[in-house]
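**Student:** how would this look folded up:
(one chain, ligands or ions: 2)
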Amino acid sequence: MPEAYQAFVTLATTDPYCMGSLVVGKCLRRHGTTRKLVAMVSPNISTEARLSLEDVFDEVIVVDMLDSRDRAHLFWLGRPDLGITFTKLHCWTLTQYTKCVFLDADTLVLCNVDELFDREELSAAPDPGWPDCFNSGVFVFRPSLETHSRLLEHAKMCGSFDGGDQGLLNTFFSDWAIKDINKHLPFIYNLSANAIYTYLPAFHKYGHQAKIVHFLGRYKPWHIPNKQQPPTDAPQWDTNRNLDKYVDQWWAEYYGHTKMHADEPQELQDVEHTEQLGMSEAVPCSIQAPTSWHSSQPSVTSPTTPHPHPHSHELVPQAEEREEKEPSELLTELTLNAPSSSTCHQLEDTCLKPDDLSKAEAEILEQSQFQEPPVEQKQEEVISGVESVLSEAASNTEVSNANLEHRKRWEEGRIDYLGKDAFENIRMKLDQFLD
Ligand SMILES: O=c1ccn([C@@H]2O[C@H](COP(=O)(O)OP(=O)(O)O[C@H]3O[C@H](CO)[C@@H](O)[C@H](O)[C@H]3O)[C@@H](O)[C@H]2O)c(=O)[nH]1
Ligand SMILES: [Mn+2]
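**Tutor:** Ligands and ions are numbered 1, 2, ... in the order given. Take a look at the predicted model:
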């Protein structure tokens, strides 16, 4: 099938996510993809954001926003914001292409990954949290209006077990886990950043083969404008040298200037990019595996809202004080060392409404708005959420201020591992509950 009919596709419904999409496009171009690049955007993104994407992508397509509004399931996921990811389903309408690879806006492509087009629908990598499910941050699919309608119908009838597209897609392509191993993409095509925490030895062994890194979770690279002097009142970013390398590379890509369109001869693009990056050779494919694990003190950062750069279409984070490092410096360092309307459709017929949430759940949701705990903390948070909800049901009283304060501290990462939050105490509470 001619390559002209194949495309990489990404999605952004907000300006910050546009920053991510921009990086996805820039990386793909820099690594010399021969496929088209498509960015799906919602009507609300700023003109500057759209223009910056148009510099890089072959097509910037405005799509309707689709929101599951399934707050109950999203609560369990710990990400009340992700109902909007149903918008992703519109990628099946891109029937001008015969085969596509979808990439979340929070992915970083480390080398040419055009070989993904050898795979069939629906190919994806395992989700690190539940490997019998695929992660929907990177997947191969075939656009089809019929599949699109069936997906929407499925969403309406069955909803999504996580409130986002991933739960929905996993129940739709339900034989993924067992039917065809060729549809299992190797994990290196969707290396979730949190896997660095959960299975570090494997990261040491195989991390250097990574082809696509996925910043899964609430904190994205664009939330980390200045790791060196983070504001003290912001949520925690658990620094990890391994992860930091990818974040630095993300910023280097973001600020890096790339010859944007594929119709230019490839050699020209390589030369220009190499010159701009101040490198004498093309950038190698992968980052070397880090040689040491370093568990550093957590630092704090604040999420930022981008605003347009006065002289270009590039979006620049609000905190201009981000450590100024030349893109060339960063990339060299890293590679050497390592159809539209503004309507928001809601598929709420079959979904739980906000009213279905108990007051305690609603409070927890409220408090967790901009806080992404580490994975293991998230699990405990869910347990604690259950605990709060159950205790409310039992006593029919308000969650106490002390509990709220405790929860707040927990969500901010100020966990009293040696005291109230010691594993023994959590186990005791669970035992009490289960008795
Ligand atoms: O406000 C938003 C939120 C998401 N997105 C897009 O949707 C993608 C998924 O959201 P993301 O924040 O990246 O989710 P993850 O942290 O990666 O969480 C997981 O869960 C999501 C919901 O099921 C899936 O979409 C993801 O692929 C899966 O990795 C993003 O990359 C964007 O492309 C937006 O455009 N605007
Ligand atoms: Mn993602």
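**Student:** buried residues, stretch 132-151. List them.
**Tutor:** By 16 or more other Cβ atoms under 10 Å, the buried positions in stretch 132-151 come out as 133-141, 143-144, 147-148, 151. Just so you know, the C-beta spots here come from the backbone N, C-alpha and C atoms, and that holds for glycine as well.
**Student:** equivalent analysis for stretch 19-29, please.
**Tutor:** Buried residues in stretch 19-29, counted by 16+ other Cβ under 10 Å: Met19, Gly20, Ser21, Leu22, Val23, Val24, Gly25, Lys26, Cys27, Leu28, Arg29.
**Student:** kindly report the same for stretch 171-181.
**Tutor:** For stretch 171-181, the neighbour count (16+ other Cβ under 10 Å) marks Phe172, Phe173, Trp176 as buried.
**Student:** ends of it, how far apart?
**Tutor:** 18 Å (Cα to Cα, to the nearest Å).
**Student:** what's the answer for stretch 109-118, then?
**Tutor:** End-to-end distance for stretch 109-118, by Cα to Cα: 18 Å.
**Student:** so what touches it?
**Tutor:** Stretch 109-118 has contacts (Cβ atoms under 8 Å, 6 or more residues apart in numbering) with 3, 6, 24, 27-28, 31-35, 99, 101, 103, 123, 140, 185, 189, 210-213, 249, 285-287.
**Student:** can you map out the helices along the stretch 1-150 of the chain?
**Tutor:** Along the stretch 1-150 of the chain, the segments classed as helices by DSSP state H, counting those that start in this stretch run 15-30, 47-56, 71-77, 145-158.
**Student:** tell me which of the ones you listed lies nearest to ligand 2.
**Tutor:** helix 15-30 (8.4 Å; Cβ to the ion).
**Student:** average model confidence for the closest one?
**Tutor:** This predicted structure assigns helix 15-30 an average pLDDT of 98.
**Student:** ok, now stretch 102-116?
**Tutor:** In this model, stretch 102-116 has a mean pLDDT of 98.
**Student:** which regions of this structure sit below the pLDDT cut-off?
**Tutor:** 1, 74, 76-77, 226-240, 258-435 (pLDDT under 70).
**Student:** return the residues of it in contact with ligand 1.
**Tutor:** 10-14, 17, 81-82, 84-85, 88, 104-106, 135-137, 162, 164-167, 216-217 (Cβ under 6 Å from any ligand atom).
**Student:** from the residues you listed, which would you call buried?
**Tutor:** 10-14, 17, 82, 84-85, 88, 104-106, 135-137, 162, 164-167, 216-217.
**Student:** just the residues you listed that are near ligand 2?
**Tutor:** Among these, the ones lying near ligand 2 by Cβ under 5 Å from the ion are Asp104, Asp106, Gly137.
**Student:** Ile224 reaches Asp248, doesn't it?
**Tutor:** No: look at Ile224 against Asp248 with Cβ atoms under 8 Å: they stay out of range, at 9.6 Å.
**Student:** so which of these two has more stuff around it?
**Tutor:** More crowded of Ile224 and Asp248, by other Cβ atoms under 10 Å: Ile224, with 26 against 21.
**Student:** quick one on the thing from earlier: and the buried residues of stretch 171-181, which is closest to Met157?
**Tutor:** Among these, Phe172 lies closest to Met157 (Cβ to Cβ), at 10.8 Å.
**Student:** name the nearest residue to that closest one, sequence neighbours excluded.
**Tutor:** Once flanking residues are discounted, Phe172 sits nearest to His154: 5.1 Å by Cβ to Cβ, 6 or more residues apart in numbering.
**Student:** Asn170 is in contact with that neighbour, correct?
**Tutor:** No: if you go by Cβ under 8 Å, His154 and Asn170 don't touch, sitting 11.1 Å apart.
**Student:** of those two, who's got more company?
**Tutor:** Set side by side, His154 and Asn170 show more neighbours around Asn170, with 23 against 16, by other Cβ under 10 Å.
**Student:** does the more buried one sit in a helix, a strand or a coil?
**Tutor:** helix (DSSP: H, G, I helix; E, B strand; the rest coil).
**Student:** doesn't Trp176 make contact with it?
**Tutor:** Yes: taking contacts as Cβ under 8 Å, Asn170 lies within contact range of Trp176: 7.0 Å.
**Student:** what do these two both touch?
**Tutor:** Cys133, Phe134.
**Student:** next, count neighbours for Gly163.
**Tutor:** Neighbour number of Gly163 under other Cβ under 10 Å is 28.
**Student:** ok, it to Asp81 distance?
**Tutor:** 10 Å (Cβ to Cβ, to the nearest Å).
**Student:** ok, Arg119 next?
**Tutor:** Per Cβ to Cβ, Arg119 is found 30 Å from Asp81.
**Student:** distance check, the residue of the chain found nearest ligand 1 against Lys26.
**Tutor:** Per Cβ to the nearest ligand atom, Gly164 is where the chain lies closest to ligand 1, at 2.4 Å. Noted for Gly164: a distance of 26 Å to Lys26, by Cβ to Cβ.
**Student:** ok, Thr10 touching Leu22?
**Tutor:** No: counting by Cβ under 8 Å, Thr10 stays clear of Leu22, with 9.3 Å between them.
**Student:** follow-up on the earlier one: surely the residue of the chain closest to ligand 1 meets Arg79?
**Tutor:** Yes: at 7.2 Å, Gly164 and Arg79 qualify as touching, with contact defined as Cβ under 8 Å.
**Student:** so who does the residue nearest to Phe172 touch?
**Tutor:** Applying Cβ under 8 Å, 6+ apart, the residues near His154 are Leu168, Thr171, Phe172.
**Student:** any idea how far the nearest residue to the second one once chain neighbours are set aside lies from Asn170?
**Tutor:** Counting by Cβ to Cβ, 6+ apart, Thr171 lies nearest to Cys158, which is 6.1 Å off, once chain neighbours are set aside. Plainly put, Cys158 is 11 Å away from Asn170 if you go by Cβ to Cβ.
**Student:** Met65 too?
**Tutor:** Distance, Met65 to Asn170, using Cβ to Cβ: 22 Å.
**Student:** then Asp118?
**Tutor:** 23 Å.
**Student:** shouldn't Asp70 be in contact with Ser160?
**Tutor:** Yes: Asp70 is within contact range of Ser160, at 6.3 Å (criterion: Cβ under 8 Å).
**Student:** how would you label Pro257: helix, strand or coil?
**Tutor:** Actually, residue 257 is His rather than Pro. coil.
**Student:** ok, now which ones touch whatever residue of the chain ends up closest to ligand 2?
**Tutor:** Minimum separation of the chain from ligand 2 (Cβ to the ion) falls at Asp104, amounting to 3.4 Å. Residues in contact with Asp104, defined by Cβ under 8 Å, 6+ apart, are Thr10, Leu11, Gly20, Ser136, Gly137, Val138, His214.
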